[in-house]
Structure formats: C-alpha cells, structure tokens
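> model this:
(one chain, ligands or ions: 1)
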Amino acid sequence: MQILSTDEIAALFGTTKDRLDKESLAHIAACDWGYEPLKQKERDSIIISLLERIENRKLTIVANEDKSRWDTGWGENLKAFQASNGDLDALIPKYIRPGEIIRLNGELVRSRDPNFELNWFKIFSRWFFLTHLSSYDTIFEFGCGSGINVAKLAEMFPEKVIYGLDWAQPSVDIVESLRTLRGMRTQGASFDFFHPDEKFEFPPNSAVITVGAMEQTGTSWQAFLDFLIRKGPARVHHIEPIFEWYDPTELVDYTALKAHEARNFWRGYPTRLLELEQAGEVAIHNSKRAHFGSLVLEGYSQLIWSPI
Ligand SMILES: C[S@@+](CC[C@H](N)C(=O)[O-])C[C@H]1O[C@@H](n2cnc3c(N)ncnc32)[C@H](O)[C@@H]1O
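As a prediction, this is how the structure comes out:
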C-alpha cells in the first residue's frame, strides 16, 4: 500500500506543503490517503471495460439544450435538503462515487478509504476558495448544481454575497433555501450558458467560478465566454476537466480523451483563451492540470483568467 503524502497532495493542488494553511494540513492529516496502483491484469480489464462503455455510449452524454436530467437530479437533492431542514450533507452530488477506482498522476489506483476522492475534493475546494477567492466582494458560481460549493463559500466567507446560478430551477431553489433555512448570504438565479442574460451585470470586484459545469457545454461555450468578456468580472476561475491537457500517447489519458469526446464534454476553450490572450483581450493567470480524478476523467483542472 502506498500513501499519498502531503507534499504530493500540495503538488496536485499546484502549491507546496509549506504554503498550505494550518486547517488544510489538519484536514489532510485526518484522512486516509492509502492507495494501490492496479496490477497489470486488473488494469487491462478495467481499461477494456471503460473503452467498451465509451464505444457503446454507456456514459451520460451532454445533451445540448436538454436540462431534464438536472431538474430531476437536483430536484432529489432539494427535497432531501428541505426534508432534513437544511442538512448540508444532502447536497453531496451523487457523481462523486465512493469506492470507485480513481486516476492519480496518470495511473489508475484503488484507494483504501472509499471516500478518498470526496475527501480530496473537500480539502482541495476549501484550499482553492481560500487561495483564490478571499479578496473578492461577491462570488458567482455559474452551473452551481446541488449548491455544495455555494454553501461552502457562504460558510467560509460570511461577509460576502454568494450567488448560485444554474439553468435547473431546483438548483436555484436550493441556493435560496440556503438563505431561508440556514441564514446564509446566498442568492439563487436562473442562468443558461447557451443564452446568457444580457441584462445581467457584475458588481465591482466580483469573482466568477465554475466547477464541473462548463464541461457540459460541448462546443457551445462561445456565448458564455463572450458574455464574460463583455461583462468583465474581475477574475474567472474554472475547475473543470480540460480535454487539451491530457497526453494522447499515455493509455490512461487516452481513455479520458475518448470519454470526454463520447460524453460531448467541452473542448476548444483553452485554445480560444490563448488566442484571446495573444490578441490582448484576456490575461491567463493559471493553467494547472489536475492529475487526479474519477475512473472516467480528471475533473479538477484549474484555469484562471480575467477579461482585459
Ligand atoms: C456536473 S454539475 C456541477 C454542479 C456543481 N458546480 C458542482 O460542483 O457540484 C453541472 C451543472 O451545470 C449545469 N448546467 C449544464 N448546462 C447548463 C447551461 N446550459 N446553463 C446553465 N447551467 C448548466 C447543470 O444544471 C449542473 O448543475
């Protein structure tokens, strides 16, 4: 059994151990980071079955303009959240699956703790928010889903207003319930990446964040990118799977590329941002591949930029 060290966890975040805050270090120390790379035979069979699922389109696919899946899924979270009178555990999205094989530094591994990915994500997201979002007055999460990040942001930064936007009404209702049931400074609003609301304006010193949401736009992210450039928030942060950053000559990466294509997840955005940077329209501040993720792909790559 190998143990993912604090240095390695920091490197996955894109920092070093000495720059982690005390609370992150304590949270890391409290979790079990034991894992084992798969043996060749099991690795082969898992990769083959993954490729078969991809070939047979057995993965959930982005269906442009169809939000029924999200209405149903977040509707269940909303019901559970309201029935529990505001228990934040009811917001844990079902797509972080306990006990699954995960990808780590380009390999497939089995973790000792079934909640390895969820533990990692909880510590990572808190660290990311603290490091990158502390200095903004207002934070907007676009595609906020179950509201899990909105709730965390509202707990971490009680002085800020945290907006949660999504095209699925139950998501908006969850963010509103965070305010009415838990007294958080949250505000829900309806928003569609494909048809951004032109009347929308960012207050000064606003930060935007997306977490596994732009992935859902396939090749139709242009309307939202144009919107961000026109409306000019102070900074935009994406935590998303990034197609362009996998290595197609590595087998495990190749499966992620194929899964990404089969699911019609977003592609082309980082390349467009680089073009816009060359044209002097945006500044890119951070591009960090995750090197960590679920069996299917690396969902936690970081891309941070601002309109000029
Ligand atoms: C994988 S979930 C991520 C949710 C949340 N950010 C999280 O980290 O748990 C993707 C979210 O994007 C939203 N979404 C997908 N397409 C959208 C669109 N065109 N406009 C607005 N939201 C969209 C979905 O409703 C869903 O809430």
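> for the stretch 101-250 of the chain, what spans make up the strands?
With strands called from DSSP state E, counting those that start in this stretch, the stretch 101-250 of the chain shows them at 102-104, 107-111, 138-142, 161-166, 186-190, 206-211, 235-240.
> dump these to JSON lines, plus mean neighbour count, distance to Ser294 and mean pLDDT.
All C-beta atoms are positioned from the backbone trio N, CA, C, and that covers glycine. Below are these laid out as JSON lines (neighbours: other CB atoms under 10 Å; distance: least, CB to CB, whole Å; pLDDT from 0 to 100):
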{"stretch": "strand 102-104", "mean neighbour count": "22", "distance to Ser294": "6", "mean pLDDT": "97"}
{"stretch": "strand 107-111", "mean neighbour count": "19", "distance to Ser294": "10", "mean pLDDT": "97"}
{"stretch": "strand 138-142", "mean neighbour count": "24", "distance to Ser294": "21", "mean pLDDT": "98"}
{"stretch": "strand 161-166", "mean neighbour count": "26", "distance to Ser294": "21", "mean pLDDT": "98"}
{"stretch": "strand 186-190", "mean neighbour count": "19", "distance to Ser294": "27", "mean pLDDT": "98"}
{"stretch": "strand 206-211", "mean neighbour count": "24", "distance to Ser294": "14", "mean pLDDT": "98"}
{"stretch": "strand 235-240", "mean neighbour count": "24", "distance to Ser294": "13", "mean pLDDT": "98"}
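> for Ser111, what are its contacts?
By CB atoms under 8 Å, 6 or more residues apart in numbering, the contact list for Ser111 reads Trp33, Gly34, Tyr35, Ile102, Glu117.
> for it, which residues make a bridge with it?
Under the criterion DSSP bridges, Ser111 forms beta bridges with Tyr35.
> repeat for Ala283
Going by DSSP bridges, Ala283 is paired in beta bridges with Ser306.
> what's in contact with stretch 85-100?
Defining contact as CB under 8 Å, 6+ apart, one finds that stretch 85-100 is touched by 73, 77, 80-81, 83-84, 114-115, 117-118, 121, 145-148, 151, 174, 177-178, 181-182, 294-295.
> would you mind checking those for buried ones?
Buried by 16 or more other CB atoms under 10 Å: 73, 77, 80-81, 117-118, 121, 145-148, 151, 174, 177-178, 182, 294-295, out of those.
> what ranges do the helices span in the stretch 51-200 of the chain?
Here the stretch 51-200 of the chain has its helices, by DSSP state H, counting those that start in this stretch, at 68-83, 116-133, 148-156, 169-182.
> which outside residues touch the shortest one?
Right, helix 148-156. By CB under 8 Å, 6+ apart, the residues outside helix 148-156 that reach it are 88, 91-93, 125-126, 129-130, 133, 139, 141, 144, 160, 162-164, 175, 178, 182, 184-186, 209, 211.
> same check, this time on the longest one
Contacts with helix 116-133, where a contact means CB under 8 Å, 6+ apart, come from 9, 12-13, 15, 20-21, 23-24, 27-28, 31-33, 35, 92, 96-98, 100, 102, 111, 113, 139, 149, 152-153, 156-157, 207, 209, 211, 235, 237, 239, 292-294, 300, 302, 304.
> of those, list those near the ligand.
Contacts with the ligand within the contacts of helix 116-133, as defined by CB under 6 Å from any ligand atom: Asn149, Val211.
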